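Engineer: Compute the structure for the input listed below.
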Amino acid sequence: MNFLLDTHAFLWFINGDAELSKEARDIIENSENTKFISIATFWEIAIKINIGKLQLDMPFQELEYHASINGFRLLPITFRHTNKIINLPLHHKDPFDRIIIAQASCDNLSIIGKDPYFQDYDVNMSW
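Structural biologist: Next up is the predicted model:
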């Protein structure tokens with residue numbers, strides 16, 4: 001199956017954080033699953049570091065390495081993804097979450113995350 005990790009799920013996984021559910025960890029660690037990280041995740045992390053809302057236990061540059069060694073594929077933002085946002089209901093206004101929702105919807109990916117707003121959209125969720 002194909003999955004797209006929300007930002008918090010990615011960070012919790014690479015940090016071994018207990019906040020990540022057992023189900024989410026099992027999905028991520030299953031080599032038969034294809035796991036994606038949106039480029040929006042790295043953009044969100046960079047912005048949050050810049051404005052002081054997030055501190056990492058590692059240099060930002062190491063995130064790409066951790067994504068690579070854990071078998072995550074980088075998912076670019078395409079025109080099709082941005083076009084999807086035009087008609088996406090406004091249940092949630094966070095632009096990073098909205099692009100992840102649009103990407104999951106367009107590319108038939110199940111989102112690994114626990115944001116309660118995601119359930120208001122027509123996307124599959126795992127947590």
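Engineer: For the closest residue to residue 33 other than its chain neighbours, the count of nearby residues, please.
Structural biologist: What sits nearest to residue 33 in space, not counting adjacent residues and going by Cβ to Cβ, 6 or more residues apart in numbering, is residue 1, at 5.4 Å. Yep, even glycine has a C-beta here, placed from its N, CA and C like the rest. Residue 1 is surrounded by 13 other residues when neighbours are defined as other Cβ atoms under 10 Å.
Engineer: close enough to count as contact, residue 1 and residue 35?
Structural biologist: No: counting by Cβ atoms under 8 Å, residue 1 stays clear of residue 35, with 9.6 Å between them.
Engineer: before we move on, back to that, can you tell me how far the residue nearest to residue 33 is from residue 85?
Structural biologist: When distance is defined by Cβ to Cβ, to the nearest Å, residue 1 is 24 Å away from residue 85.
Engineer: same question, residue 117
Structural biologist: In this view, residue 117 and residue 85 are 15 Å apart by Cβ to Cβ.
Engineer: just residue 43 next, same as before
Structural biologist: Distance check for residue 43 against residue 85: by Cβ to Cβ, it reads 15 Å.
Engineer: Also residue 69?
Structural biologist: Separation of residue 69 from residue 85 (Cβ to Cβ): 31 Å.
Engineer: more crowded one of these two?
Structural biologist: With neighbours defined as other Cβ under 10 Å, residue 69 and residue 85 compare such that residue 85 has more, 14 against 9.
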